[in-house]
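1. Next input, structure requested:
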Amino acid sequence: MTSEPMAFKFVLYIVGTAPKSLQAISNLNALCCQYLPKRHHIEIVDVFRNPKRALADAILLTPTLVRTDPHPVLRVVGTLNDLPPLLQILGLAV
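-> Down below sits the predicted model:
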């Protein structure tokens, strides 16, 4: 019996098309394509369009990445451009 690879679920909170938001989206997509091909789901939440969701989820800074699965839930604030520590935080370090 083979087990399926663990799926990762992310929510990325951004502010519209701000440069740091766009950079975080690009960096997260690149990370997922390289390290989690076909094993990830990304939800983008624009806090301007959905401020109640950001408030309910206690998002105070953007961009903020929340890994909802696998548990435990993790949060990373910033543009996600420092790959080695990010991989380690997310449990993807080789």
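2. Report the rounded mean pLDDT for stretch 86-94.
-> Stretch 86-94 carries an average pLDDT of 86.
3. Pull the residues that contact it.
-> 8, 31, 35-36, 67, 70, 74, 76, 80, 84 (CB atoms under 8 Å, 6 or more residues apart in numbering). (Each C-beta comes from the backbone N, C-alpha and C, glycine too.)
4. Restrict it to CA atoms and write it as PDB.
-> Provided in PDB are the C-alpha atoms of stretch 86-94 (Å, rounded to 0.1, in the frame of the first residue of the first chain):
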ATOM      1  CA  LEU A  86      11.100  29.500   4.300                       C
ATOM      2  CA  LEU A  87      11.600  25.900   3.200                       C
ATOM      3  CA  GLN A  88      12.700  25.100   6.700                       C
ATOM      4  CA  ILE A  89       9.700  26.800   8.300                       C
ATOM      5  CA  LEU A  90       7.400  25.000   6.000                       C
ATOM      6  CA  GLY A  91       9.000  21.600   6.600                       C
ATOM      7  CA  LEU A  92      10.400  21.300   3.000                       C
ATOM      8  CA  ALA A  93      14.100  21.700   3.700                       C
ATOM      9  CA  VAL A  94      16.200  18.900   2.100                       C
END
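5. Find the nearest non-adjacent residue to residue 76, please.
-> residue 65 (4.6 Å; CB to CB, 6 or more residues apart in numbering).
6. The strand or helix carrying that neighbour pairs with which strands?
-> Assigned by DSSP states H and E, residue 65 belongs to strand 64-69. In the sheet, strand 64-69 lines up against strand 8-14 (antiparallel), strand 74-77 (antiparallel) (DSSP bridges).
7. Of all those strands, which one is nearest residue 42?
-> Distance to residue 42, taken as CB to CB, is lowest for strand 8-14 among these, at 5.0 Å.
8. If anything else comes up later, I'll come back, but that's it for now.
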